[in-house]
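S.K.: fold the following and give me the result.
(chains A and B)
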Amino acid sequence: MRLLIIEDEARIAELLKAALEGAGFAVDTVALCADAREALSLAPYDAAILDLGLPDGDGLTLLKELRANGNLIPVLVLTARDAVEDRVSGLDRGADDYLIKPFAMTELIARTKALLRRPGGALGATLHAGNITFDTVGRDVRVGEGALALPRRECAILEHLMRRLGRVVPKQVLEEKLYGIDDELESNAIPVHVHHLRRKLVDAGAHAEIHTVRGVGYLLMETKP
Amino acid sequence: MRLPGRSLQGRLAVRLALVYLVVTILAVGLLLFRAFDSAAALNNRELRLRATDIARAVSVDASGAVTLAMPPALAAAYAASEDGDLFVVRDRGGRIIAASPAAFGERVAQWPLASEEPNWFRLDDFGPRVQDYYGLSVAMRTQAGMVSITVAQADGAHAFVESIVADFLFETAWIFPLLLAISLIIAIVVIRAGVKPIMQISERAAAIGPWTTSIRLPETDLPSEVAPLVSAMNRALDRLEQGMVVQRQFTDNAAHELRTPLAIVTAALDTMGDSAEVVKLRADVARMNHLVARLLSVARLDAQPLDVSSKVDLNETARGVVEAMAPWAIAQNRHIALVQQKAPVFILGNAPAIEDALRNLVENAVTYAQAGHEVTVGVGEDGSVSVADDGPGVPVEDRERIFERFWRGPDARRDGAGLGLSIIAEIMKAHRGTVSVEDNPGGGALFKLSFMRVM
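M.R.: Sure thing, here's the model as predicted:
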């Protein structure tokens, strides 16, 4: 998987490159908007990490331009400026996620992976969380070496939790994804499915746990083996 | 309501009205005076004519006696109005030649003879009707030599002339109050039209806020008296805006300059493995990061007032914060929950700033809550958001002080600089809301951000 880092601060670019390469990615770095345009047109990148303050232009302008040209590459925006306006306008102009400097490298790697885990993303076909593997094409779930048979809806819940590993999936989103408009939906349908799924994961010895955020939804977090 | 004396318009209108009133009274008074003066002159003239007529009728008869031989029509007229029109003719000796009525003759007989210079007199309460008379005594040359003629007319006889004067006044003089009213209205309209641009400018000036510093007051179509004030005001606004821009740029640059090296150090430490020294350094740098973030928040709040004019759904804001903070809270072995309202709870405010405040509160609550226990974020129907934990709570005596800058409790476990809660207090002040702390019913502290709800 190939990432493009667009960052003019040489030290940060260097450290980002090292960390992401350590996480198994192939990484190219550029420091200018012009170079970024050229790189993106030449090679098929799976995601881009974009710093907003570049010497030859604003990262947001570059982002808007990319989206206007129909380029849907996942973009993680980095900013050292005061976040309030950047955050809003960044997401408005097509950023998929943002991080404010300084940030923990583990957070950056997790966010990058989350972008790639989207349907159609480079990590979107086979999902990983701890020792859980989810083949989204074959609908095949494995925990460690063993296969885990799951009913259709529990399987779908696990897929959404794994795609957003480490982040909250609102209960409402699960309801919308799992049930058609005409389906009878009992108010405790999702909690019941999650309850079953959670127990099955524990029983199978998964190194990831489903947490409940009461009033909001659920999140899957990896546990130390 | 404004007192008329306070506004320029009111003052002008009142003074103009006074001037108009005085002018009208003078004009009508003058008119009346002139009218009655003319009427009196008319009377005098008539009396003189009568005296002349009577003088013409004085003659010497065949026997040599002086008699009054009035034309029959005149004689009949005098005879018919014995009460109204009086005359006496005396010769130079004071003997009465003719009198109508005789009683008048008796009265006049006691008066001195008239001279050639007319002598005007008033005669009060005379005659059978006891009325007032106005008359003239004058000496006139006749066929019979000089005679003294006295004529008088009842005051009531003026009534005709006076009624003409009165008719004139009632039919014509009302035009003065009308003119007064019309010109006063015109004056007020003109004044209002003149003041209108100033009112419009005031409205525009009222719309200028910290986030709309680019507004300038229009300098065209202004009364020349006001134009210099407006242009001076605009120049002042230019300088203010420039000052604010410089301030904003400074905090933005400071943020960038501080965060970039911190990002480098943070990232570098992350790549250095997990030796005990590196772990300690990471904690130190994390503390530094935290402090810088807080200081930048303070600087930003000081440099530029918050725009609190957006409609914010507290349900939505609270959910966003809980979602964002949940992974961290769970990593700290705490639960986090949201209790929101079924319907949106709208307030006017600045969503990112409210998120910041709420994030600060959640951070504190998670830090102080007991391991494995829950921190609850609640949205109130009254336009409030609360964060409750089951930690040690805040002693009553500290409940005001904790919101002061750089205040740190004696048992501060946190690596904070005592800025977090003061930032929340600033944010709430900008929202004209409040932040308060009380005992959580289940034990621990309950922090509450209260806003004004809008529909």
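S.K.: any idea which helix or strand carries the most centrally placed residue in chain A?
M.R.: Nearest to the mean C-alpha position of chain A, counting by CA atoms, centre = their mean, stands residue A:114 at 1.4 Å. Following DSSP states H and E, one finds residue A:114 within helix A:105-116.
S.K.: got it, and residue B:124?
M.R.: Here residue B:124 sits within strand B:119-126, counting by DSSP H and E.
S.K.: relative to that strand, what are the paired strands and their orientations?
M.R.: strand B:131-142 (antiparallel) (DSSP bridges).
S.K.: show me where chain A has its strands.
M.R.: A:2-6, A:26-30, A:47-51, A:53-54, A:57-58, A:75-79, A:97-100, A:126-129, A:132-135, A:140-143, A:146-147, A:169-170, A:208-213, A:217-222 (DSSP state E).
S.K.: looking at the chain, which helix is longest?
M.R.: Here I'm looking at chain A. Ranked by residue count, the top helix of chain A under DSSP state H comes out as helix A:189-204.
S.K.: can you look at chain B instead?
M.R.: As assigned by DSSP H, the longest helix anywhere in chain B is helix B:8-57.
S.K.: what residues does the stretch 301-450 of chain B put near chain A?
M.R.: B:319, B:322-323, B:326-327, B:330-331, B:335-340, B:352-353, B:374 (CB under 8 Å from any CB of the partner chain). Heads up, the C-betas are built off the backbone N, CA and C, glycines and all.
S.K.: all helices for the stretch 201-350 of chain B, in order.
M.R.: Counting by DSSP state H, counting those that start in this stretch, the segments of the stretch 201-350 of chain B that form helices are B:227-270, B:276-303, B:314-331.
S.K.: what is the neighbour count of residue 70?
M.R.: Here I'm looking at chain A. The number of residues packed around residue A:70, counting by other CB atoms under 10 Å in any protein chain shown, is 6.
S.K.: I was after chain B.
M.R.: Per other CB under 10 Å, the neighbour tally for residue B:70 reads 20.
S.K.: tell me how far residue A:162 lies from residue B:224.
M.R.: Taking CB to CB, to the nearest Å as the measure, residue A:162 falls 75 Å from residue B:224.
S.K.: between these two, which is the more surrounded one?
M.R.: More neighbours surround residue A:162 than the other of residue A:162 and residue B:224, with 21 against 6 (other CB under 10 Å).
S.K.: pull the contacting residues for that one.
M.R.: Applying CB atoms under 8 Å, 6 or more residues apart in numbering or on different chains, one finds that residue A:162 lies in contact with A:117, A:127, A:128, A:129, A:132, A:134, A:220.
S.K.: can you pull up the bridge partners for the fourth one?
M.R.: Under DSSP bridges, the beta-bridge partners of residue A:129 are residue A:132.
S.K.: how does the chain divide into domains?
M.R.: In the absence of a named chain, chain A is used. Domain segmentation of chain A under automatic domain parsing yields A:2-116, A:126-222.
S.K.: that's the wrong chain, I meant chain B
M.R.: Taken from automatic domain parsing, chain B resolves into B:207-305, B:307-450.
S.K.: now for residue 63, how many residues are close by?
M.R.: Here I'm looking at chain A. Using other CB under 10 Å, residue A:63 has 23 neighbouring residues.
S.K.: chain B is the one I meant
M.R.: Using other CB under 10 Å, residue B:63 is surrounded by 6 other residues.
S.K.: now it: how far from chain A?
M.R.: From residue B:63 across to chain A, the span is 132 Å (CB to the nearest CB, to the nearest Å).
S.K.: helix, strand, or coil at that residue?
M.R.: coil (DSSP: H, G, I helix; E, B strand; the rest coil).
S.K.: residue B:234 against residue B:217, yeah?
M.R.: Yes. In terms of CB atoms under 8 Å, residue B:234 counts as a neighbour of residue B:217; the distance is 5.7 Å.
S.K.: where does the stretch 351-455 of chain B have low pLDDT?
M.R.: B:408-417 (pLDDT under 70).
S.K.: for chain A, give me its nearest residue in it.
M.R.: Using CB to the nearest CB, the closest approach of the stretch 351-455 of chain B to chain A is made by residue B:352 at 4.2 Å.
S.K.: and chain A, which residues reach chain B?
M.R.: Residues of chain A lying near chain B by CB under 8 Å from any CB: A:9, A:11-12, A:15-16, A:18-19, A:22, A:53, A:80-84, A:87-88, A:100-106, A:166-168, A:170, A:211-217, A:219, A:221.
S.K.: residue B:421: what's it in contact with?
M.R.: B:360, B:364, B:402, B:403, B:407, B:435.
S.K.: turn these into CSV, columns for neighbour count and secondary structure.
M.R.: Putting the contacts of residue B:421 into CSV (neighbours: other CB atoms under 10 Å in any protein chain shown; DSSP: H, G, I helix; E, B strand; the rest coil) gives the following:
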residue, neighbour count, secondary structure
B:360, 22, helix
B:364, 22, helix
B:402, 22, helix
B:403, 21, helix
B:407, 15, coil
B:435, 20, strand
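S.K.: what's the mean pLDDT across the longest helix of chain A?
M.R.: Average pLDDT, helix A:189-204: 94.
S.K.: same thing with stretch B:188-206?
M.R.: 84.
S.K.: contact partners of stretch A:92-109?
M.R.: Defining contact as CB under 8 Å, 6+ apart, one finds that stretch A:92-109 is touched by A:12, A:15-16, A:19-20, A:23, A:49-50, A:60, A:63-64, A:66-67, A:74-80, A:83, A:86-87, A:90-91, A:111, A:114-115, B:259-260, B:262-263, B:265-267, B:270-271, B:285, B:289.
S.K.: please repeat the previous calculation with a cut-off of 6 Å.
M.R.: Counting contacts by CB atoms under 6 Å, 6 or more residues apart in numbering or on different chains, the residues outside stretch A:92-109 that touch it are A:19, A:23, A:60, A:63-64, A:67, A:74-80, A:83, A:87, A:90, A:111, A:115, B:259, B:262-263, B:266-267, B:270, B:289.
S.K.: again with stretch B:269-283
M.R.: Contacts of stretch B:269-283 (CB under 6 Å, 6+ apart): A:18, A:19, A:105.
S.K.: low-scoring stretches of chain B, by residue?
M.R.: Ranges of chain B meeting pLDDT under 70: B:1-6, B:156-162, B:211, B:408-417.
S.K.: tell me the residue furthest from the middle of it?
M.R.: Here chain B reaches farthest from its C-alpha mean at residue B:63, the gap being 93.6 Å by CA atoms, centre = their mean.
S.K.: for chain A, what helix or strand is lowest in average pLDDT?
M.R.: When each helix and strand of chain A is scored by mean pLDDT, DSSP states H and E, helix A:83-92 comes last, with a mean of 62.
S.K.: show me what contacts residue 81?
M.R.: In the absence of a named chain, this looks at chain A. Residue A:81 neighbours (CB under 6 Å, 6+ apart): B:252, B:255, B:256.
S.K.: next: residue B:118.
M.R.: Contacts of residue B:118 (CB under 6 Å, 6+ apart): B:136, B:138.
S.K.: nice, that's everything, thank you.
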